[in-house]
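K.L.:
Based on what follows, work out the 3D shape:
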Amino acid sequence: MESFRVQLSRELVGFEKLFCLYGNWVTIAHVAHLSGDASLLLNNADHVIRQLLKRHPRLRSRVRIHRDQVDSLNQTCLFETLEYDNVFTSIDVLKHFYEIRHTHDVNEWKKLTEEECNRNPYDPTLSLIFPVFRFLFVLNTHDHHEFQLILFSNHCATDGESGYIIINDFLSLAKSPVDQEPSSENTSENDICRR
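P.N.:
You can find the predicted model right below:
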């Protein structure tokens, strides 16, 4: 984690700070119910995550909490945007940004969403949240053409509504050829359809 270089650091204030004090957090979930060939998304996930990190600086950020050694109630909460560099091309780093789950239960996505929103995102010292967003693919083993793409975001990284913009970017980038820079043009909607 120390190999990252901080591009911009700002102190959290107001509700952003309030929700980070004393080990608190808020995780926001955006769920997209999709149909189609999930392998298109899964096979391009590393490439898509890299492109999202380039496009959206807040996604390559972290929350860092500094506590006064004498007065533990005195805390400084920082939102640090990290420079996009070769560290973000490492598979070891990219695997923190997404997970794939297979399930037999068509409603398992609900349980997984609740569990992830309730999971403590801090490191063991309660001083760092990284990453501040994460994707979860929930694949149904009975119906391979129905699946969920869930975006989990820390409250500092999103306004609560822009998550669907990130999901849309993910889907658009996944349909773009991997060997080119992504374009904003939509390709055929037959590959993946939002329901």
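
K.L.:
just the helices in the protein please.
P.N.:
For the chain, applying DSSP state H gives helices covering 14-18, 39-43, 45-55, 91-94, 108-118, 163-175.

K.L.:
Can I get the ones you listed in JSON lines including mean pLDDT?
P.N.:
JSON lines is the format used below for the helices of the chain (pLDDT from 0 to 100):
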{"stretch": "helix 14-18", "mean pLDDT": "87"}
{"stretch": "helix 39-43", "mean pLDDT": "90"}
{"stretch": "helix 45-55", "mean pLDDT": "94"}
{"stretch": "helix 91-94", "mean pLDDT": "90"}
{"stretch": "helix 108-118", "mean pLDDT": "97"}
{"stretch": "helix 163-175", "mean pLDDT": "93"}
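
K.L.:
Take these and lay them out in JSON lines including distance to Ala29.
P.N.:
For glycine as for every other residue, the C-beta is placed from the backbone atoms N, C-alpha and C. Shown next, in JSON lines, are the helices of the chain (distance: least, Cβ to Cβ, whole Å):
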{"stretch": "helix 14-18", "distance to Ala29": "18"}
{"stretch": "helix 39-43", "distance to Ala29": "18"}
{"stretch": "helix 45-55", "distance to Ala29": "17"}
{"stretch": "helix 91-94", "distance to Ala29": "21"}
{"stretch": "helix 108-118", "distance to Ala29": "5"}
{"stretch": "helix 163-175", "distance to Ala29": "8"}
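
K.L.:
Tell me where the model's unsure across this protein.
P.N.:
1-2, 72, 178-195 (pLDDT under 70).

K.L.:
my read: Thr89 touches Arg50, true?
P.N.:
Yes - counting by Cβ atoms under 8 Å, Thr89 does reach Arg50; the two are 6.4 Å apart.

K.L.:
can you count the residues close to the closest residue in space to Lys17 that isn't next to it in sequence?
P.N.:
Using Cβ to Cβ, 6 or more residues apart in numbering and skipping residues adjacent in sequence, the residue nearest Lys17 is Cys77, 4.9 Å away. Cys77 has 19 neighbours, counted by other Cβ atoms under 10 Å.

K.L.:
thinking again about what came up before, indicate which one of the helices of the chain is closest to His144.
P.N.:
Among the helices of the chain, helix 39-43 comes nearest to His144, with 8.9 Å by Cβ to Cβ.

K.L.:
Show residues contacting the closest one.
P.N.:
The contact list for helix 39-43 (Cβ atoms under 8 Å, 6 or more residues apart in numbering) reads 48, 100, 137, 149, 170-171, 174-175, 191-192.

K.L.:
buried set for it?
P.N.:
Leu41 (16 or more other Cβ atoms under 10 Å).

K.L.:
Off-centre distance for that helix?
P.N.:
17 Å (Cα atoms, centre = their mean, to the nearest Å).

K.L.:
Please apply the same query to stretch 149-162.
P.N.:
Distance, centroid of stretch 149-162 to centroid of chain: 7 Å (Cα atoms, centre = their mean).
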